[in-house]
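[1] sequence plus predicted model, see below.
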Amino acid sequence: VRVIDNEDTVKGIQGDSKWRHGMEETCGRTGRVVRFTDAESAQVQFAWGCRFFYNPKTLLGSNEDNIESRDSHGQWFRMESAVMVEPDPKKFKTLQEDIGLQVEPAILGKLVQVDKISIKPFSGQKIVRVLGNGKAISVNCQALQVVTQELDSAGNRIGKGDSVKLRPDASKTLKTLQTEAYGGYVERMLQLSGVQGTVESIVLDGRYNAESAAVKVRFTTQAQYHLNPKALVLFERSTGKAAAPKGKLEVIKHTQLKCMEKLGEGGFGSVFKGSWSMENGKVKTVAIKQMNYGVTSSNVFEDILKEAKTQFALNHPNVISIYGISYGPKQDLWLVMKLVEGKDLNSILFPSAGEKKFDLPFKYKVKICLDVAYAIAFVHDKGYLHADIKPNNMMVNMRTGRVYLCDFGITRYLGNMDIHTYATNFTDNFGGTLLYVAPECLKQDKDKRYLRPTFKSDVWSLGASFYEIFTEKYLFDDGMFCMKCKLQNDSEYVQKLISFNVQQEVRSIIKKMLDFVPSRRPNVYELTDLLHSL
């Protein structure tokens, strides 16, 4: 099925209660119906991993040829698309083995054709069958990069939407250039000399070993051919390429900010409730995270700036928005963020002596977990790991009850994860994050390198957090014992704790999340399905 193109129409049919952030990216896209819960709710799964419940009135008929997915950089592709395979042998091997696929060294760094995009119901695996030099191979989507442009006869880059013509000397060169790898040659192609055409896509015939992809061009005469890009010349650049980019992280003048009440402090600095006097004359109440001068004067400055850029890119209703950055009077870095009037979830679950203990109904706990799971699903869908999931990093608005994911201080794009930095963030902190980190992230290989964290590592941290949400007890309250348990694979201790303390309704879910074998843990979309059933 294909979701209706118009986002507002889909929102109107779904209603506020059944509209989920992330559905906007599915508008106009084709997915597979994997189940019906009732006459007004069909669950549709998409090839890039997400799945949502839709009112059937939002869905149209489609077919497998229209299924699309996304590469490691978020670029869309479909059947016949030309893609480049990851050239790094170690990275390719890891990506393939992560989802149980064979490693085929012959296609490393090669140009291949997307032959089939699979949607395996209730699986988070993103598998594509590609065709390279006549051989079909299954590949992890994260090991692919879409080819969006090729070079024309004059060395100009041409891509989708650009206007092109056959090169002026086509009568002499076209037959030679149009080999079978580029769709072949027919005499009537020469009738298109001087005729304008539009690039519809960059494609490849995987039966051949071509140096470049072909360009699918539709001419104003309605004739359509696959052509060697060297047979073309750019006529006019697509106006779509000049479209305004999405907003950038704003640099806010220090004089526009005023810090008022201190809300908290940690190793990196302090957080204040403050005000931002905006250029349009309005004043916005914000949270201002002031970094310690010593921290921001070191190499960590760049890491903090990356945190700001990451959080700015992750625009989701359950992720705390970041508005911009500012440089304080000592050139220290300030992050200006949405203010959540509330408490972190850890202080609600485990209040200090003398503080009020809140009664959290079971259904509200399920809602908290579902909101956080959807936020993490969104983060994962963008290719990021959160890498520091715990109740301390979940803020609850005490007026609305909405929960927000925060503190992306060690979030990393999965493909660029600095493992040593990641592991050090955990193993240097026995009182905090260590209690929530997945066991595999504390282990080293024979070369003393820390194992690469994955999306399933975040699922473990979520599981540890969910355990504490439902039981209002710590999974681990001793750092050294926690380290010993995880390094010795003491799964029996963890599973016994779950069986003894967790309500029957959620026991099996948390057991799956806290499995010591990462491949047996559910992905976050499977997790949202399980929580929906409660």
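    Right, received. Where do you want to start?

[2] dihedrals phi and psi, residue 96?
    Here is the backbone geometry of residue 96 (degrees, to the nearest 10): phi -70, psi -50.

[3] ugh, wrong one, residue 375
    Phi and psi for residue 375, reported as degrees, to the nearest 10, are phi -60, psi -40.

[4] how many other residues sit next to it?
    Residues within reach of residue 375, counting by other CB atoms under 10 Å, total 24. C-beta: built from backbone N, CA, C; applies to glycine.

[5] do residue 496 as well
    Using other CB under 10 Å, residue 496 has 11 other residues around it.

[6] then the one 3 residues further on?
    Residue neighbour count, defined by other CB under 10 Å, stands at 11 for residue 499.

[7] tell me the domain boundaries of this structure?
    Under the assignment automatic domain parsing, the domains of the chain span 2-66, 69-146, 149-240, 250-338, 342-532.

[8] can you put these in JSON lines and add mean pLDDT?
    Formatted as JSON lines, those follow (pLDDT from 0 to 100):
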{"stretch": "domain 2-66", "mean pLDDT": "91"}
{"stretch": "domain 69-146", "mean pLDDT": "88"}
{"stretch": "domain 149-240", "mean pLDDT": "91"}
{"stretch": "domain 250-338", "mean pLDDT": "79"}
{"stretch": "domain 342-532", "mean pLDDT": "81"}
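
[9] who's in contact with the residue most central in space within the chain?
    Geometric centre of the chain, nearest residue: residue 382, 1.7 Å, by CA atoms, centre = their mean. By CB atoms under 8 Å, 6 or more residues apart in numbering, the residues touching residue 382 are 74, 313-314.

[10] can I have the buried ones of these as a PyMOL selection?
    Per 16 or more other CB atoms under 10 Å, the buried members of those correspond to this PyMOL selection:
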select buried, resi 313+314
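
[11] mind listing the strands for the stretch 351-500 of the chain?
    Taking DSSP state E, counting those that start in this stretch as the test, the strands found in the stretch 351-500 of the chain are 384-385, 394-397, 403-405, 412-413.

[12] before we move on, what about the stretch 1-150 of the chain?
    Secondary structure of the stretch 1-150 of the chain by DSSP E, counting those that start in this stretch: the strands cover 2-3, 32-38, 41-45, 51-54, 59-60, 69-70, 76-77, 82-85, 111-117, 127-132, 135-140, 144-146, 149-151.

[13] kindly present the ones you listed as TSV, with separate columns for mean neighbour count and distance to residue 103.
    Listed next are these as TSV, based on neighbours: other CB atoms under 10 Å; distance: least, CB to CB, whole Å:
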stretch	mean neighbour count	distance to residue 103
strand 2-3	22	34
strand 32-38	13	28
strand 41-45	20	27
strand 51-54	23	29
strand 59-60	15	38
strand 69-70	23	21
strand 76-77	19	22
strand 82-85	22	11
strand 111-117	22	15
strand 127-132	21	14
strand 135-140	18	10
strand 144-146	21	15
strand 149-151	17	28
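
[14] between those strands, which one is closest to residue 351.
    Closest to residue 351 of the strands of the stretch 1-150 of the chain, according to CB to CB: strand 51-54, at 35.9 Å.

[15] redo the strands of the stretch 351-500 of the chain as a markdown table? Include mean neighbour count.
    Output for those, formatted as a markdown table (neighbours: other CB atoms under 10 Å):
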| stretch | mean neighbour count |
| --- | --- |
| strand 384-385 | 22 |
| strand 394-397 | 21 |
| strand 403-405 | 23 |
| strand 412-413 | 18 |
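
[16] CSV for the ones you listed, including distance to residue 347?
    Shown next, in CSV, are those (distance: least, CB to CB, whole Å):
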stretch, distance to residue 347
strand 384-385, 25
strand 394-397, 9
strand 403-405, 13
strand 412-413, 27
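
[17] for residue 526, which of the ones you listed is the nearest?
    Closest to residue 526 of the strands of the stretch 351-500 of the chain is strand 384-385 (CB to CB; 17.3 Å).

[18] isn't there a strand covering residue 175?
    No - counting by DSSP: H, G, I helix; E, B strand; the rest coil, residue 175 is located in no strand; its state is helix.

[19] can you get me a residue count around it?
    As a burial measure, residue 175 scores 15 neighbours (other CB under 10 Å).

[20] once you drop chain neighbours, what's closest to it?
    Counting by CB to CB, 6 or more residues apart in numbering, the nearest residue to residue 175 once its immediate chain neighbours are dropped is residue 185, at 5.0 Å.

[21] what's that neighbour in contact with, if anything?
    Residues near residue 185 by CB under 8 Å, 6+ apart: 174-175, 178.

[22] which one of those residues is nearest residue 132?
    Each of those was scored against residue 132 by CB to CB, and residue 178 proved nearest at 21.2 Å.

[23] any chance you could map the helices in the stretch 251-400 of the chain?
    Taking DSSP state H, counting those that start in this stretch, the helices of the stretch 251-400 of the chain run over residues 293-296, 300-313, 345-349, 362-381.

[24] would you map the helices across the stretch 101-250 of the chain?
    With DSSP H, counting those that start in this stretch as the criterion, the stretch 101-250 of the chain has helices at 170-177.
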